[in-house]
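Visitor: kindly generate the corresponding structure for this input.
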Amino acid sequence: MLIAQCRTAGDVQTAVKLAVARDLPIAIRGGGHNVVGHAVCNDGVMIDLSLMRGVTVDASARVAKVQGGALWRDVDVATQEHGLATPGGLISDTEVAGLTLSGGIGWLRAQHGLSIDNLNAADVVVADGTLIHTTADENPELLWALLGGGGNFGVVVQFEFALHPIGPEVMFAAPIYLVEDGPEPIRAWRDFLVKHGDRVGSLCEFSTAAGEDFPKKHWGKRVFTLACVYNGDAAEGEALLQPLRELGEMSTDFSGRMNYCDVQQFFDTLMPAGDFRCYWKARYLTDLTDEMIDLALANAMAAPSDNSLSSLWNFGGTTAKVAADATAFGDRSMGWMYSLDRVWSNPGDDEANIAWSREGWANSERFGHHGRAYLNFAGHGEDNAALTRTSFGPNYDRLVEIKTKYDLQNRFRFNQNIAPET
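Guide: Numbers count the residues shown, from 1 in each chain. Here you go, the predicted structure:
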């Protein structure tokens with residue numbers, strides 16, 4: 001494998017042209033956060049964007065221009081200097097490119113949608129080495145494909161995001177309850193979000209209590225966190241979210257008004273870069289029924305690794321208002337998502353952890369939303385073709401046409417691949 005560490009769009013063009021001249025496939029490394037290994041390839045060219053992390057903010061226009069190798073912490077720090085933000089991920093060392101191109105689900109989705117819903121423009125090096133600027137008016141079909149279609153269409157060397165007034169202080173609620181105490185807090189949380197999901201981005205995350213932040217008597221026990229960020233005034237959010245902190249005896253409570261950047265980094269310690277072996281898989285749910293909640297609790301109790309996570313995410317608000325054909329991402333009518341995020345250390349435990357995730361995935365199928373999945377969490381790509389086609393639904397054929405136009409030889413195929421017409 002040849003690694004091209006690029007500093008400019010021109011460097012990326014040179015690397016792509018080299019790959020074409022030698023008839024080699026191309027892998028793209030943004031921040032290296034994806035666990036599938038799509039950033040590397042055998043007998044090909046890796047385009048490494050990790051040196052391209054610049055962020056430029058135009059506060060008056062409420063726009064940020066972000067280079068293709070930037071991490072979300074780079075964006076958050078730069079935009080918060082102006083009291084602005086755009087929807088990003090929940091882990092600050094997630095790369096902007098990978099998260100955005102497959103949708104981008106973060107804390108601000110209730111008021112401001114997914115990351116793609118805030119992508120106004122992009123500069124893309126396509127498979128023949130051409131640098132293309134794309135907006136709603138200029139090369140619009142390429143921008144449409146980037147809004148959820150993944151890394152299939154080229155190397156995005158710059159993103160342009162819309163920004164919104166957020167922070168510096170936001171209300172973050174994180175009451176933590178014991179799994180063994182039963183599902184009632186989760187059911188109350190679900191009902192609360194049905195009423196307030198247009199203002200609250202939230203997830204119920206299952207994990208294991210450990211460390212001084214928890215009572216010693218709870219160490220090693222399975223817990224769940226009802227994590228919420230109010231998408232608005234912190235004081236207003238504190239009052240609204242208070243009932244979630246009164247659903248029974250808590251193990252502990254991390255709730256409070258916080259700096260937005262601190263909230264964006266709150267979960268970083270759960271997924272330290274490069275420390276663990278991982279397998280992540282997530283499916284959309286039509287509804288969050290009592291039966292699905294019971295299944296999620298049972299799966300959490302049976303997890304083979306104390307480091308592993310699983311979670312239930314809400315949708316609604318601005319995210320749900322986008323038409324299915326407005327972005328490549330597709331249908332927004334799913335109400336929830338179930339994610340199984342296996343994390344472990346010992347290679348000898350690979351089989352047990354991956355099997356646990358796949359079993360949980362299979363058992364939750366009956367609650368799924370037309371078989372669709374969040375393609376940023378797609379396992380290790382073992383069912384790539386079928387899962388990709390199903391997840392894009394009616395948008396798939398249009399994506400194939402655009403892929404054929406911009407990447408006929410499928411140079412960019414290390415992803416949830418959309419194959420060109422042959």
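
Visitor: quickly note the distance from the nearest residue to Gly381 once chain neighbours are set aside to Asn417.
Guide: Residue nearest to Gly381 in three dimensions, not counting chain neighbours: Val36, with 5.4 Å by C-beta to C-beta, 6 or more residues apart in numbering. For the C-beta atoms, the positions are set from N, CA and C on the backbone; glycine is no exception. The gap separating Val36 from Asn417 is 12 Å, by C-beta to C-beta, to the nearest Å.

Visitor: quick one: strands adjacent to the strand with the most length in the chain?
Guide: Taking DSSP state E as the criterion, the chain has its longest strand at strand 368-378. Strand pairing for strand 368-378, using DSSP bridges, gives strand 277-285 (antiparallel).

Visitor: and the residue nearest to Gly381, helix, strand or coil?
Guide: What DSSP: H, G, I helix; E, B strand; the rest coil gives for Val36 is coil.

Visitor: does it really touch Phe377, like I thought?
Guide: No: Val36 is beyond contact range of Phe377, at 9.6 Å (criterion: C-beta atoms under 8 Å).

Visitor: flag the shaky bits of the stretch 1-150 of the chain, pLDDT-wise.
Guide: With pLDDT under 70 as the threshold, the stretch 1-150 of the chain has low-confidence stretches at 33.

Visitor: and the strands in it, which stretches?
Guide: Along the stretch 1-150 of the chain, the stretches classed as strands by DSSP state E, counting those that start in this stretch are 2-5, 26-29, 45-48, 55-58, 63-67, 84-85, 119-125, 131-134.

Visitor: what's the answer for the stretch 151-300 of the chain, then?
Guide: Secondary structure of the stretch 151-300 of the chain by DSSP E, counting those that start in this stretch: the strands cover 155-162, 164-165, 169-173, 175-178, 200-208, 222-230, 252-253, 256-259, 277-285.

Visitor: closest one to Asn410 among these?
Guide: strand 155-162 (14.6 Å; C-beta to C-beta).

Visitor: around the residue lying closest to Trp72 once chain neighbours are set aside, count how many other residues there are.
Guide: Setting aside the residues directly before and after it, Trp72 is nearest to Gly88 in space (C-beta to C-beta, 6+ apart), at 4.0 Å. Neighbour count for Gly88, taken as other C-beta atoms under 10 Å: 26.

Visitor: next one: Gly154
Guide: Neighbour tally, Gly154, other C-beta under 10 Å: 29.

Visitor: assess the claim that it and Asp128 are in contact.
Guide: No: under the criterion of C-beta under 8 Å, Gly154 makes no contact with Asp128, lying 9.6 Å away.

Visitor: show me how far stretch 83-90 is from its chain's centre.
Guide: Computed by C-alpha atoms, centre = their mean, to the nearest Å, the chain-centroid distance of stretch 83-90 equals 13 Å.

Visitor: what ranges does the stretch 201-350 of the chain have for its helices?
Guide: Ranges of helices within the stretch 201-350 of the chain are 234-241, 260-264, 290-301, 317-320, 350-363, based on DSSP state H, counting those that start in this stretch.

Visitor: nearest to Leu84, of the ones you listed?
Guide: For the helices of the stretch 201-350 of the chain, the distance to Leu84 is smallest for helix 260-264, at 9.9 Å, taking C-beta to C-beta.

Visitor: how far out from the middle of the chain is the closest one?
Guide: Averaging C-alpha positions (C-alpha atoms, centre = their mean) puts helix 260-264 16 Å from its chain's average.

Visitor: show me which residues of that helix are buried.
Guide: By 16 or more other C-beta atoms under 10 Å, the buried positions in helix 260-264 come out as 260-261, 263-264.
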